[in-house]
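**Q** What follows is a predicted structure for the sequence shown.
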Amino acid sequence: MATVEKPFRIVIVGAGLVGLTAAHILSKTDIDFVILERHENLTPELGSLLSLWPPTFRIFDQLDLQDKLEPVLNPIDNGVTMSADDGSIFTSWNPGELIKKNHGYGLKVTHRPLFIEALYQSLPDSAKARIKVKKHVFKVNVSDDGVVVECTDGTVERGSIVIGLDGVHSRVRQCMQAMEEGRAAPSISETPKSPYVTTYRMVFGSIPIPPTLPNNVNHECASGRVSTQLLTGNSLAWFGVYEALDKPTSERIKYTEKDKEEAIQRWGHLYTAPGMRVRDVFGLQDGNFGMINLEEGRVDKWYWNRIVLASDAIRKLEPHAGLGYNSGLADVVVLVNKLRRLLETTRSPDTKALEAVFADYQEERKKDEPIVHDMSMRRARAYAWLSPMDKIMTKYIIPYTSFGVYSTNRIYGPVVSRAPVLDWLEEKSDTKNLKIPYAHHPIVKGKKSKNALSRNHSYYNPSAYIGVVIAAALTGVGLQYYHRILTMISPKAT
C-alpha cells in the first residue's frame, strides 16, 4: 500500500503585527495554518507609533493591502532635530522624499491599534477562522513527523512545524532552547532572563495634535542620556521620552504608575517640539500612556528540529529607526518563500529537509543583520547621548555636512535594495527607473524582472562607514568648532 503523505500544517504562536501579516501571506498559498494568541484582544490598549519603510509597502502591494491600509497611514513631510535642553534647532529636512526617489515609496507611520485592526479586518474569513485567542502556550513537543503545541486551557494543536512569532519573551524560544539543551522548559510562572539587553526605557502615548504644530512632522530632541520625540500625523500625534538606564540590564521590569509619573516630573522641562515641553505634552493626554524597556540584541540560533523563530523572538531593535516590524515581516517573507519551494517537491518534508530550509533562512536574513542593528543602535544614541562622540555627531557633524544624505543613499539604501519580496505574487506598482534599484523581484509566470541587481550588490562597507564618520568629523565641523570638540573630549586639551 502506498504511503499517504501527511498534509503540511504550520502552527504559529503570536498574532501580533507580524503574525497577522503572516496570516495574509499564508492565505495567498495552499499551506494550512493556525495562529495561537495568548491575549483575548488582538488590539493593544496603548496607542503607540509604528513606522513603515519601502520594502514593507512592496509586500502590501503584492498582498493587495495598499488601499485597505492607506486610510490609517500618515506621511512624514519633515524631520526636525532639536536640543531638548534649550529648544534650538540642529537640522530640518525631509528624508522621506529622498527615500521615495531611491525606492519608490516614502516613509509613513501609523497608530498601532488602528493598523492592527485594519490588518485583521482585511483578512479573508477563512484566515480569521484560523486565529485562536486566549491560547497561552506552555509546552511544545516535537517528533519525527510533526509537532504538538499544548495550551494552558487544555487544548492541543498539531502541525508539521511551529513558527514562534511570540515576541521578546517568546515561550516558543524558551521551549526550543530547553529541548535543544536537554532540560525542562522553565515554568510559565517564572520570569527567565532575557537574551536581550536594555539600555533605554521609554514613556510613550498619543495625544491630539497641538494647535501650534504642523501636521506630519517628526520632532526629535536630543540631550545627555535622554531624548524626546513628538511626531504629528494627519489627525493624531505620538510622543515618547527615551531615558538611558543607570546600568544596562537583561532583567524584565514592570513599571508602575508611580514610575511613569516620576519620569514625567523628572523630564518635564525638556523640549519635545518648538514651543512645547514634556510637561505641556502630558497636559494634553488623558493618562493613557505606558512605560517599557527598549531591549536590544539578537539570539544566535533561530531554529531547532521543527521549530523556527522570527521577528522579536530572534532580534530586538531599539525603535528610533523604526525597523522592528519591517525586519520581522522580511523574516516571514524569506521563510515562506523557502517553505513553498520545499513543498513543491514534497508535501510532507522530513525534519532534515526542514532544518536545511531553516538554516538557509537564518543565513540569508543574517547578511544584513549587522547593518540593521548598527543603524538602530546609532540612531538611539544620536539623540540620548551616551558618549561625547554621540553628541558631536548630532550637534556638529550631521548639521554641517551631507552625512544624512550620504547615509540614506549609501548605508540605508543598499539594505532596502536587498529586501526580499514574495517570489510567487505579482508586484503591481512600477519599481523600475529607481535611483537605487531593487535586487529581488517576484518570479511570475516563469519570468523575473530584468530590473534586478546582483545578489552581491552593495554600496555598504563597514570600514568605509567608519571612514566617512571620521572624515565628516574633520571636514564638516570646521575650525570654528575645533576648540569646542577638544574641550568635550578632553577638558585639559585647550
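**A** Structure received.

**Q** average pLDDT for stretch 243-260?
**A** For stretch 243-260, mean pLDDT is 94.

**Q** For the longest strand anywhere in the chain, which helices and strands make contact with it?
**A** As assigned by DSSP state E, the longest strand anywhere in the chain is strand 237-249. If you count contacts as 3 or more Cβ pairs under 8 Å, 6 or more residues apart in numbering; DSSP states H and E, strand 237-249 packs onto strand 197-207, strand 226-232, helix 257-267, strand 384-385. Bear in mind the C-beta positions are built from the backbone N, C-alpha and C, glycine included.

**Q** Format the CA atom coordinates belonging to that strand as CSV.
**A** The C-alpha coordinates for strand 237-249 follow below in CSV (Å, rounded to 0.1, in the frame of the first residue of the first chain):
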residue,chain,number,x,y,z
ALA,A,237,0.3,62.9,17.5
TRP,A,238,2.6,60.4,19.3
PHE,A,239,5.1,61.3,22.0
GLY,A,240,8.0,59.5,23.6
VAL,A,241,10.6,60.2,26.3
TYR,A,242,13.6,57.9,26.0
GLU,A,243,15.8,57.6,29.1
ALA,A,244,19.0,55.7,29.5
LEU,A,245,19.1,53.4,32.5
ASP,A,246,21.9,53.9,35.1
LYS,A,247,23.2,50.5,34.0
PRO,A,248,22.2,48.2,31.2
THR,A,249,20.2,45.2,32.3
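
**Q** What residues sit buried inside that strand?
**A** Ala237, Trp238, Phe239, Gly240, Val241, Tyr242, Glu243, Ala244, Thr249 (16 or more other Cβ atoms under 10 Å).

**Q** would you list the helices and strands packed on strand 237-249 in a markdown table and tack on mean neighbour count and distance to Gly87?
**A** Formatted as a markdown table, the helices and strands packed on strand 237-249 follow (neighbours: other Cβ atoms under 10 Å; distance: least, Cβ to Cβ, whole Å):
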| stretch | mean neighbour count | distance to Gly87 |
| --- | --- | --- |
| strand 197-207 | 21 | 19 |
| strand 226-232 | 26 | 11 |
| helix 257-267 | 15 | 14 |
| strand 384-385 | 23 | 17 |
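
**Q** how much distance is there from stretch 121-141 to the middle of the chain?
**A** 22 Å (Cα atoms, centre = their mean, to the nearest Å).

**Q** That should have said stretch 9-20, apologies.
**A** Using Cα atoms, centre = their mean, the offset of stretch 9-20 from its chain centre is 16 Å.

**Q** Compute the first-to-last residue distance for that stretch.
**A** Terminal residues of stretch 9-20 are spaced 17 Å apart (Cα to Cα, to the nearest Å).

**Q** now that stretch: mean pLDDT?
**A** For stretch 9-20, the per-residue pLDDT averages 98.

**Q** same check, this time on stretch 371-383
**A** Here the average pLDDT along stretch 371-383 is 91.

**Q** if we look at it, which residues are touching it?
**A** With contacts defined as Cβ atoms under 8 Å, 6 or more residues apart in numbering, stretch 371-383 is touched by 81, 199-200, 220-222, 227, 229, 242, 294, 296, 298, 315, 317-321, 323, 327, 387, 390, 393-394, 398, 411-412, 415, 460.

**Q** Any idea how many residues pack against Gly96?
**A** By other Cβ atoms under 10 Å, 20 other residues sit near Gly96.
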